[in-house]
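1. Okay, sequence plus prediction incoming.
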Amino acid sequence: MQSTLRAAFAAALVFGNLGAAAAWAQDAKAVEDRQASMKQQSKDMEAIKAYVDGKAELPAAQAAGADLAQLSAKIPSWFPAGSGMDKWPGKSYAKPVVWSESDKFAAAAKNAHAKAEALSEALKGGDKAAITTAFGELGKNGCGGCHNEFREKKT
């Protein structure tokens, strides 16, 4: 009877640790996926900036704007619980406030998405002045609206 209990206890430890390891791996993947998606958004912004600066053609900027609008809609899903800097110091820079004030974070992400969509629409219209204004608005109050409050600066 004791050997059966020991075996059951050992099995529980093994399976419990496997579950913890799986959760850890899932959280690590969430951080990596989020960072890859943010880097893609940065590349999209660079492509649009190149157009604004007269160093690229409109079609490339339009494609980047469409991609940016699509990606920005997914921002909230890139922040599952357990993927913040408190659990991943030096890897994740998402502040705990992302989850402790999730309504505020969701509103900021929604605002960033709306500004990305506005930029994409301006790009479709082709008016460079409108594109330049929408680009600045997204950077300052869209991306900046999240990064300033919800992202720790890298040191």
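-> Perfect, thanks for sending it.
2. Return the set of buried residues in stretch 85-95.
-> M85, K87, W88, S92, Y93, A94, K95 (16 or more other CB atoms under 10 Å). Bear in mind the C-beta positions are built from the backbone N, C-alpha and C, glycine included.
3. Repeat that for stretch 131-140.
-> I131, T132, A134, F135, L138, G139.
4. Mark which of those are part of helices, please.
-> I131, T132, A134, F135 (DSSP state H).
5. Could you report the separation of the first one from A30?
-> Taking CB to CB, to the nearest Å as the measure, I131 and A30 are separated by 33 Å.
6. The second one too?
-> Distance check for T132 against A30: by CB to CB, it reads 35 Å.
7. do A63 as well
-> 27 Å.
8. of those two, who's got more company?
-> A30 (21 against 14; other CB atoms under 10 Å).
9. hmm, back to that, which one of the buried residues of stretch 131-140 is nearest G54?
-> T132 (10.9 Å; CB to CB).
10. Next up, the contacts around the residue nearest to the closest one when sequence neighbours are not counted.
-> In space, and not counting its chain neighbours, T132 is closest to V52: 5.3 Å by CB to CB, 6 or more residues apart in numbering. By CB atoms under 8 Å, 6 or more residues apart in numbering, V52 lies in contact with A61, K128, I131, T132, F135.
11. Right, I'll leave it there.
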